[in-house]
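Participant: Sharing a sequence plus its predicted fold:
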Amino acid sequence: MSEQQQPELTKEQKQQREIQWQRECFQNAQKHLAEKGIIPNAVIDKDSRFLAPLCAVWKMKAQNGKTYWVITGRLPTDHVEVTAATSARAVMKHFSYQWQIKADSIMANAGHDPSQVEFANLLISRAHGLYDVADNDQLWANEAS
C-alpha cells in the first residue's frame, strides 16, 4: 500500500496555516505567563519574532509593569524578564544556555527517574537546536546588530 501524496498547499493556505500557528503560540505564551502569576497586557510586535513552525519569541508587557521575553513552539515554553537579553536573537541564546544548565542539574539529581532523564535530554536537544537557529546569520540578515 503506498502513501497518498498530500496536495501542495496554495500560498493562501500556507498563510492561513502560519496565522493559526502564531495564534496557538500566542495563546500558549499567555497561558504560560498566567500559570506563573503574570498577566500580559500588550505584545511588542516590533521586537517579537516568528520562525514557523519551530518557535515564536514574544516580547510582552505585563500588568505588573515588567516586560518579558516568552518563547513558544516546538520546544518548552519559557519566559525571562526583558533585562536578560536585548533582542529576540539574544534571548534565544539565553534560553539555550539556561536549558543546558537546567538539564545538567536535572541529570545530576534525576537518580533512576526515567521521566526526568527524558526531560533533561529533551532540554538538551532543544537547547542545541535553538542555539543553531540563533547563530544562523542568514535567518537574521534583516536584524539590527
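Facilitator: It's in.
Participant: Beyond whichever strand or helix holds residue 94, next helix or strand please.
Facilitator: Using DSSP states H and E, residue 94 maps to helix 88-109. Downstream of helix 88-109, the first helix or strand assigned by DSSP H and E is helix 114-135.
Participant: now the angle between helix 88-109 and that following helix, please.
Facilitator: Interaxial angle, helix 114-135 versus helix 88-109 (axes from the mean of the first three to the mean of the last three Cα atoms, to 10 degrees): 160 degrees.
Participant: Convert the C-alpha atoms of helix 114-135 to PDB, please.
Facilitator: Provided in PDB are the C-alpha atoms of helix 114-135 (Å, rounded to 0.1, in the frame of the first residue of the first chain):
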ATOM      1  CA  PRO A 114      13.500   7.900  33.600                       C
ATOM      2  CA  SER A 115      11.000  10.700  33.000                       C
ATOM      3  CA  GLN A 116      13.400  13.200  34.500                       C
ATOM      4  CA  VAL A 117      16.300  11.900  32.300                       C
ATOM      5  CA  GLU A 118      14.000  12.100  29.300                       C
ATOM      6  CA  PHE A 119      13.000  15.700  30.000                       C
ATOM      7  CA  ALA A 120      16.700  16.600  30.500                       C
ATOM      8  CA  ASN A 121      17.500  15.100  27.200                       C
ATOM      9  CA  LEU A 122      14.700  17.000  25.500                       C
ATOM     10  CA  LEU A 123      16.000  20.200  27.000                       C
ATOM     11  CA  ILE A 124      19.500  19.500  25.700                       C
ATOM     12  CA  SER A 125      18.200  18.700  22.200                       C
ATOM     13  CA  ARG A 126      16.000  21.800  22.100                       C
ATOM     14  CA  ALA A 127      18.800  24.000  23.500                       C
ATOM     15  CA  HIS A 128      21.200  22.900  20.800                       C
ATOM     16  CA  GLY A 129      18.600  23.400  18.000                       C
ATOM     17  CA  LEU A 130      17.700  26.800  19.400                       C
ATOM     18  CA  TYR A 131      21.300  27.900  19.600                       C
ATOM     19  CA  ASP A 132      21.800  26.800  16.000                       C
ATOM     20  CA  VAL A 133      18.800  28.900  14.900                       C
ATOM     21  CA  ALA A 134      20.000  31.900  16.800                       C
ATOM     22  CA  ASP A 135      23.500  31.500  15.500                       C
END
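Participant: Sweet, I'm off.
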